[in-house]
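Asker: Curious how this folds, go ahead:
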Amino acid sequence: MKVNFYQPIHPILKKYIEGYYFMSKDESQEPIKYLTFPDNYFILSACQNVSIVQEKGWLKIHESSSENLIIDFVSQCSVPTEILYQQSINEVTVYFKPLGMYHFFEADQSTDLKANIQDSDFKEIMGQILKESDRKMQIQLLEEYWLLKFKLKDLTLASAITYDLDSELSIEEIATKNKITRQYVNKVSKRYLGKPASEYRKIQRFRKVLITNRKVKNLTELSYENLFYDQSHLIKDFKELTKINPKKFFENVDTEQNNIWLFI
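Answerer: Numbering: from 1, shown residues only. All right, here's what the predicted structure looks like:
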């Protein structure tokens, strides 16, 4: 199975979408199994002619005996997830940046997004895109679709809190800066980001380490570069989010790739 990742071409889409990848069938029918790790993106996928079995922490995908199109939406990826493709399939997956999806769907909180997606024309359009054989045309159709759906929303407070959660400010300081209570910071985080502020921040720090590691190889330096208290704090979070220590993680995962997966 071939996997290709692309970043948006249009400048508007670049602000709200991290990227998308296409999986496409090839001659190899060997199973593919990998671990994917927590992130703060909202992830929306369309898979062609498949059956999916899913529980917390794992997902198994195989070819269906009948034609179909299955839509999958993930907004709370907080544990490592084992993915097994038993055969090669056709799929398109879109990674929305934090808050990005709200500019393309009418929902005003994360718990409403799934229903809003189901009520939209997303499934119909993805079916047309997956039937298209030319990749350039697929990308063009995908970008045209999102541009047609784009509607700039006023998310001033949510944007300010999301920005501050990526800083050195404590939750109490974020509350004071935005003239709200600590409890309200958490309420806004749960509403729009799909998780408590502390969990969002932990995952964001983890993801920053993956990027920083491309330049910094020392764990102590990585810790202070990414707002951990110390190296022990970094190791603790890594084990919680990946189930392995950072040294082993970096030995086995290519963090230069857009999709940071551990093949098993």
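
Asker: I figured Trp58 was touching Val79, is that so?
Answerer: No. Contact criterion C-beta atoms under 8 Å: Trp58 and Val79 do not qualify, at 10.0 Å. Glycine gets a C-beta too; all of them are placed from N, C-alpha and C.

Asker: what ranges do the strands span in this protein?
Answerer: For the chain, the strands defined by DSSP state E cover 2-6, 17-24, 32-36, 42-48, 50-55, 58-63, 69-74, 81-85, 90-96, 261-263.

Asker: Dump those strands to TSV, plus mean neighbour count and distance to Val209.
Answerer: What follows is those, written out as TSV (neighbours: other C-beta atoms under 10 Å; distance: least, C-beta to C-beta, whole Å):
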stretch	mean neighbour count	distance to Val209
strand 2-6	13	20
strand 17-24	20	17
strand 32-36	17	16
strand 42-48	22	20
strand 50-55	13	28
strand 58-63	17	24
strand 69-74	17	21
strand 81-85	17	19
strand 90-96	21	19
strand 261-263	15	15
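
Asker: now the residue lying closest to Met23 once chain neighbours are set aside: how far from Tyr20?
Answerer: Among residues not flanking Met23 along the chain, Glu91 sits closest, at 4.1 Å (C-beta to C-beta, 6 or more residues apart in numbering). Glu91 sits 10 Å away from Tyr20, going by C-beta to C-beta, to the nearest Å.

Asker: Same question for Tyr6.
Answerer: Separation of Tyr6 from Tyr20 (C-beta to C-beta): 6 Å.

Asker: Equivalent analysis for Pro11, please.
Answerer: Applying C-beta to C-beta, the value for Pro11 to Tyr20 is 16 Å.

Asker: Check Met137 too.
Answerer: 14 Å.

Asker: Asp112 too?
Answerer: Remark: distance between Asp112 and Tyr20 (C-beta to C-beta) = 23 Å.

Asker: Next: Tyr224.
Answerer: Tyr224 is 34 Å from Tyr20, by C-beta to C-beta.

Asker: just for this protein, where's the confidence low?
Answerer: Scanning the chain for pLDDT under 70 picks out the ranges 214-217.

Asker: Closest to the mean position in it, which residue would that be?
Answerer: By C-alpha atoms, centre = their mean, the chain has its centre lying nearest to Tyr41, at 3.2 Å.

Asker: which residues touch it?
Answerer: Residues in contact with Tyr41, defined by C-beta atoms under 8 Å, 6 or more residues apart in numbering, are 18, 77, 95-98.

Asker: Among the residues you listed, which one lies nearest to Glu256?
Answerer: Proximity of the contacts of Tyr41 to Glu256 (C-beta to C-beta) peaks at Glu18, which lies at 16.0 Å.

Asker: Give me the phi and psi for Asn226.
Answerer: Backbone torsions of Asn226, given as degrees, to the nearest 10, read phi -120, psi 30.

Asker: Test my guess that it contacts Lys208.
Answerer: Yes. Between Asn226 and Lys208 there is a contact under C-beta under 8 Å: 4.8 Å.

Asker: higher neighbour count, these two?
Answerer: Neighbours were counted for Asn226 and for Lys208 using other C-beta atoms under 10 Å; Asn226 has more, 21 against 15.

Asker: How much space separates the more buried one from Ile83?
Answerer: From Asn226 across to Ile83, the span is 26 Å (C-beta to C-beta).

Asker: try Gln138
Answerer: Plainly put, Gln138 is 22 Å away from Ile83 if you go by C-beta to C-beta.

Asker: which stretch among the strands of the chain comes nearest Ser189?
Answerer: Minimum separation from Ser189 across the strands of the chain (C-beta to C-beta) falls at strand 42-48, 13.9 Å.

Asker: got the contact list for Ser133?
Answerer: Per C-beta under 8 Å, 6+ apart, neighbours of Ser133: none.
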